[in-house]
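[1] Below is the sequence, then the predicted model.
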Amino acid sequence: MIEQALSRRNAAPRMKLTVKTLISVGIIALAVVLPQIVHLALGAPGGVQWLPMYLPILLCGCLLGWKWGLGVGVLSPVVSFAITSLAGNPMPAAVRLPYMIVELAVFAAVSGLFSRKIAQNGWMAFPAVLLAEVSGRLVFLMIAAVFQSVSPLSAATVWSQIQTGLLGMVLQAVLVPFLVMGLRLLLIKDKE
């Protein structure tokens, strides 16, 4: 969606790269800070229920497309882990980090596949987010099932986490598309 907006304004390739990089850095920062706020307010169970890191990643995919989204989806949990480890409380936990990297990469890539369609029709953000959420959670469950003999995360544990996070997923399935549609309207209005 951002690519299409920049192309309509005849932005130079360097400008496109700069804008997308700045947006990506902002989204990664949001993906680090938002979980901290939720965990401070609601504790660790709040993180599992509301899934705060997912929201910026879903936004990123819808706004920047699958390539940039994939990069941000991979980098966000790694950056969060690195920064929060310095404070002595790594988030996500080391055992969850590889799973979260893959899950968020899927979220961003799948929602990013819809980015061009969203630029044409903002309502496409709804199927983009829903499909990304379902795909990401299924991949998380499948990876847990495959590696449960060598990992402390079993498929049953992951299934329980998925059920606990349903409310957060539903909230994001509504909130993210409306945020994306609002940003799309601002971009269209700004052009006129």
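    All right, it came through fine.
[2] rest of the way, CA atoms for contacts and neighbours
    Fine.
[3] For residue 190, give me the pLDDT.
    Here the pLDDT value assigned to residue 190 is 59.
[4] need the longest helix for the protein.
    If you go by DSSP state H, the chain has its longest helix at helix 13-50.
[5] Could you name the helices and strands sitting against that one?
    If contacts are counted by 3 or more Cα pairs under 8 Å, 6 or more residues apart in numbering; DSSP states H and E, helix 13-50 sits against helix 2-8, helix 54-86, helix 155-164, helix 166-191.
[6] chain center to it, what's the gap?
    Here the centre of helix 13-50 is set off from its chain's centre by 8 Å, with Cα atoms, centre = their mean, to the nearest Å.
[7] Also stretch 42-58?
    Relative to its chain's centre, stretch 42-58 lies at 11 Å (Cα atoms, centre = their mean).
[8] what comes up buried for that stretch?
    46-58 (16 or more other Cα atoms under 10 Å).
[9] Adding pLDDT and distance to residue 149, write those out as TSV.
    Formatted as TSV, the buried residues of stretch 42-58 follow (pLDDT from 0 to 100; distance: Cα to Cα, whole Å):
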residue	pLDDT	distance to residue 149
46	91	28
47	91	26
48	91	23
49	94	26
50	95	28
51	95	26
52	96	29
53	96	27
54	97	27
55	97	31
56	98	32
57	98	29
58	98	31
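[10] Distance of the residue nearest to the spatial centre of the chain relative to residue 151?
    By Cα atoms, centre = their mean, the mean C-alpha position of the chain lies nearest to residue 57, the distance being 1.6 Å. Between residue 57 and residue 151 the computed distance is 25 Å (Cα to Cα, to the nearest Å).
[11] Kindly report the same for residue 89.
    From residue 89 to residue 151 the distance is 20 Å (Cα to Cα).
[12] still on that earlier bit, please name whichever of the helices and strands packed on helix 13-50 is nearest to residue 124.
    Residue 124 sits nearest to helix 166-191 of all the helices and strands packed on helix 13-50, at 8.1 Å, using Cα to Cα.
[13] Name the residues of that closest one that are buried.
    Those would be 168-169, 172-173, 176-178, 180-181, 183-184, 187, for helix 166-191 by 16+ other Cα under 10 Å.
[14] and that helix with helix 54-86, angle?
    Angle of helix 166-191 versus helix 54-86, following axes from the mean of the first three to the mean of the last three Cα atoms, to 10 degrees, is 110 degrees.
[15] and the angle for helix 166-191 with helix 155-164?
    For helix 166-191 against helix 155-164, the angle by the same axes, to 10 degrees is 60 degrees.
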